[in-house]
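S.K.: Starting from these lines, generate the structure:
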Amino acid sequence: MENKISEKIAVIIPMYNVESHIAEVIQTIPDSVAFIIAIDDCSIDNTWMIVNKIYDKRLILLQHKKNTGVGGAMQTGFQAAIDKEATIIVKIDGDGQMPILFLDDLLVPILNGKADFTKGNRFANMEEIISMPTIRRIGNLGLSFVTKVASGYWNIFDPTNGFFAMDVTTLKRLRLETLHKRYFFESSLLCTLYRVGAVVMDIPMPAVYANERSSLSAGKSLLEFPPLLFTNFLKRIWLRYFVLDFSVASISLIFGMLFLLFGGIWGIYYWWKSMVTNIPATAGTVIIAALPVILGFQLILQFLSIDIQNVPYLPKNRRIH
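M.R.: Purely as a prediction, here's the structure:
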């Protein structure tokens, strides 16, 4: 794809111990890219030395004296791209696991004003799912669902996919200091994008697995992601339905939770009482527990239905063709 004169595309590469692949990654970046911003996040191998030997007039090298994680490196890259007056940023990793041939697929929806943020999705077809290692497949399936709930983007999948593009006008609206600095970076970025009403679009692409070992382990995901996602979910609900707006969805959520709480407490109490006294609860007692639970569940389903419909669909970027 030919880069439009008015567009300045910046590719940001956070680097940490990627000496085996980084030279090839940089060399395969097409000429349509105006800037290549490479941030060495305090690598302990020869990454910095290798990148220093690469001659490319587009290359901007930055180095951290202390390891800050992918999120910390990206914050440095974001600011550098803004300083260079880039109009679109693209994030790729330095380990060779992102198919650079799909760069245009990420850029076109943004250039056409159909999206503010595009990201890769390795689950777009059955062949790719089957070829993916089982542990990654299971982990991504579960993580994708809970990220949908936490972020509000019910239309996306593969949330930890770090191959993405973003319109810089959208980037400038984000509170970059709220982004997680390490493994949770991509998920926290989605949650932050929702708060500014950005349109996010998935781009189908294949999974590429090099010889690099992923720094995101299943154990870390299971231990660290749930509380972070739950916190972001609470923030999203509070801001979207109680601070910035108050609607039928807000009422459904309030009464749904109250009915479920009342029915649950009532039912548990009388179940415990019947166990202790060995006297079965009356039909009326059971109904008083069951009806609020059923009604509360229906109200929560109504809230979820409205929430799914509230996925942002009007892009914020204002490109004129």
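S.K.: for the chain, what spans make up the helices?
M.R.: Per DSSP state H, the chain carries helices over the ranges 22-27, 47-52, 69-83, 103-111, 126-131, 134-151, 168-171, 185-195, 218-238, 248-277, 283-309.
S.K.: nearest to residue 177, of these?
M.R.: Across these, residue 177 has its closest neighbour in helix 69-83 (7.9 Å, C-beta to C-beta). Heads up, the C-betas are built off the backbone N, CA and C, glycines and all.
S.K.: Need the winner for burial among the helices of the chain.
M.R.: Of all the helices of the chain, helix 185-195 has the most neighbours on average by mean count of other C-beta atoms under 10 Å, namely a mean of 23.
S.K.: what about it, distance to the chain center?
M.R.: 5 Å (C-alpha atoms, centre = their mean, to the nearest Å).
S.K.: Touching that helix from outside, list them.
M.R.: Applying C-beta atoms under 8 Å, 6 or more residues apart in numbering, the external contacts of helix 185-195 come out as 69-71, 74, 116-117, 143, 147, 150-153, 156, 159-162, 164, 170, 174-175, 178-180, 200, 225, 228-229, 232, 235-236, 239-240, 312.
S.K.: looking at the helices of the chain, which is closest to residue 36?
M.R.: Of all the helices of the chain, helix 22-27 comes closest under C-beta to C-beta, at 6.2 Å.
S.K.: which helices and strands sit right next to the closest one?
M.R.: strand 9-15, strand 35-40, helix 47-52 (3 or more C-beta pairs under 8 Å, 6 or more residues apart in numbering; DSSP states H and E).
S.K.: Turn the ones you listed into a markdown table, including distance to residue 24 and mean pLDDT.
M.R.: Below are those laid out as a markdown table (distance: least, C-beta to C-beta, whole Å; pLDDT from 0 to 100):
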| stretch | distance to residue 24 | mean pLDDT |
| --- | --- | --- |
| strand 9-15 | 12 | 96 |
| strand 35-40 | 13 | 96 |
| helix 47-52 | 11 | 94 |
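S.K.: Residue 285: which of those is closest?
M.R.: strand 9-15 (59.3 Å).
S.K.: got the CA positions of that closest one in CSV?
M.R.: Extracted in CSV, the C-alpha atoms of strand 9-15 (Å, rounded to 0.1, in the frame of the first residue of the first chain):
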residue,chain,number,x,y,z
ILE,A,9,3.2,6.1,10.0
ALA,A,10,5.4,5.2,13.0
VAL,A,11,6.3,1.6,13.9
ILE,A,12,7.1,1.2,17.6
ILE,A,13,9.2,-1.9,18.6
PRO,A,14,9.6,-2.6,22.3
MET,A,15,12.7,-4.8,22.6
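S.K.: That one versus helix 69-83: what angle between them?
M.R.: Interaxial angle of strand 9-15 relative to helix 69-83 (axes from the mean of the first three to the mean of the last three C-alpha atoms, to 10 degrees): 150 degrees.
S.K.: what's strand 9-15 in contact with?
M.R.: Against strand 9-15 from outside (C-beta under 8 Å, 6+ apart): 3, 22, 25-26, 29, 32-41, 43, 47, 51, 70, 73-74, 77-78, 80-81, 84, 86-94, 107.
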